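# predicted structure and sequence below. I'll ask about it afterward.
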Amino acid sequence: MRPIPVPSIFDPASTPAFEIRDLSLLVLGLSAVIFVVVAGLAFYTIVRFRSRPGDERHEPPQVYGSTQIELAWTVVPFLIVVVLFLVTARYIYGIERRAMPAGAIEATIVGNQWWWEIRYPKLGIVTANELHVPVSDPTKPTPTFITLQSADVIHSFWVPQLAGKMDVVPNKTNRVWIDPRTPGTYVGQCAEYCGTQHAWMLLEVVVHPRDEFDRWVAAQQAAPREDPAVRAGRDLFLSLSCINCHTVRGTPANGVFGPDLTHLMSRRTLGAGVVRNTPQALQAWVDDPAVVKPGALMPAMKLSSDELNRLTAYLLTLR
């Protein structure tokens, strides 16, 4: 398993992120100039007019009503604010008003406490915590347009290397778009405090070459594999309350409150990034999710050791 990369707005890989970086550098540059001027004047004043041995102690000349000074500290900050406002408005307009071209990928991401449901309406795919998209070649752009919704409280979608923050608000639909230019894995995070496990509500965006993305789509659209060796585990799964929250296509399990498990083992992590998706971690998660992720809304099923082994063996076949 590859290490999780450290996200940074200064290492962009998508057009919105490039524009946000450029704007950030402008703001940082202006701030640096202001700091140097103010700190330089302060340092010069401290050194030039410091008290020296033998100086007579008297009140320095007091200056009142200096038109030049008042104009300077009023007009200059006003002009800086106007410049920042106009540049920021231009960047926001350029990002927000991007029209969706033909051939773009469409995805809907729904924030839940504390995981992300990801749907591809036109492809018939539902997954969780991993957004898979094709790389966007500048000569033939294939952007991904994302509709953001919330199932409970306010969340915030943020993948620093691909796009800016966008709130995910109940009863409101927001949208962002990305056009990653380099294949790889980019880490995102819920950036709005949403409860006890807010810090463990990670999101990964996996950017594939186009042919690799097409293979991923085909694999996700396929029905789960039927394995007679784990029939007992499948029957146990269908007899438990798991089916009220989770979906496994091709079975009576059609719950919508928890992640779709149809291709559970194709995902890199469990619990929205809290642990790697390994057989051992999966068994511990099924046994008692609150031990792995305190506050998780999934209940412990109180299974016997034999039942836990059978159920885990079935889930491991969902690839």
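Done, it's in. Because the structure is a prediction, the values reported are computed rather than measured.

# low-confidence stretches in this protein?
Low-confidence segments of the chain (pLDDT under 70): 1-5.

# quick one, strands of it?
Secondary structure of the chain (DSSP state E): strands at 105-112, 115-120, 125-128, 130-134, 144-150, 155-158, 166-168, 174-178, 184-190, 202-208, 269-270, 275-276.

# for the second one, packing partners?
Going back to what we said before, that points to strand 115-120. Using 3 or more Cβ pairs under 8 Å, 6 or more residues apart in numbering; DSSP states H and E, the elements in contact with strand 115-120 are strand 105-112, strand 125-128, strand 130-134. Yep, even glycine has a C-beta here, placed from its N, CA and C like the rest.

# contact partners for residue 20?
9, 12, 91, 163, 164 (Cβ atoms under 8 Å, 6 or more residues apart in numbering).

# give me that answer again for 7 Å
Residue 20 sits next to 9, 164 when contact means Cβ atoms under 7 Å, 6 or more residues apart in numbering.

# make JSON lines from the strands of the chain and add mean neighbour count and distance to residue 36 to it.
Formatted as JSON lines, the strands of the chain follow (neighbours: other Cβ atoms under 10 Å; distance: least, Cβ to Cβ, whole Å):
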{"stretch": "strand 105-112", "mean neighbour count": "20", "distance to residue 36": "42"}
{"stretch": "strand 115-120", "mean neighbour count": "22", "distance to residue 36": "43"}
{"stretch": "strand 125-128", "mean neighbour count": "21", "distance to residue 36": "48"}
{"stretch": "strand 130-134", "mean neighbour count": "23", "distance to residue 36": "42"}
{"stretch": "strand 144-150", "mean neighbour count": "21", "distance to residue 36": "40"}
{"stretch": "strand 155-158", "mean neighbour count": "24", "distance to residue 36": "31"}
{"stretch": "strand 166-168", "mean neighbour count": "20", "distance to residue 36": "34"}
{"stretch": "strand 174-178", "mean neighbour count": "19", "distance to residue 36": "36"}
{"stretch": "strand 184-190", "mean neighbour count": "20", "distance to residue 36": "33"}
{"stretch": "strand 202-208", "mean neighbour count": "21", "distance to residue 36": "38"}
{"stretch": "strand 269-270", "mean neighbour count": "22", "distance to residue 36": "45"}
{"stretch": "strand 275-276", "mean neighbour count": "14", "distance to residue 36": "47"}
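
# figure out which of those strands is closest to residue 248.
In terms of Cβ to Cβ, the element of the strands of the chain nearest to residue 248 is strand 125-128, at 11.0 Å.

# show me how far that closest one is from its chain's centre.
16 Å (Cα atoms, centre = their mean, to the nearest Å).

# C-alpha coordinates for that strand, PDB please?
Extracted C-alpha coordinates of strand 125-128, given in PDB (Å, rounded to 0.1, in the frame of the first residue of the first chain):
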ATOM      1  CA  ILE A 125     -21.900   3.000  -9.800                       C
ATOM      2  CA  VAL A 126     -22.100   3.600  -6.000                       C
ATOM      3  CA  THR A 127     -19.000   3.500  -3.900                       C
ATOM      4  CA  ALA A 128     -17.600   5.200  -0.800                       C
END
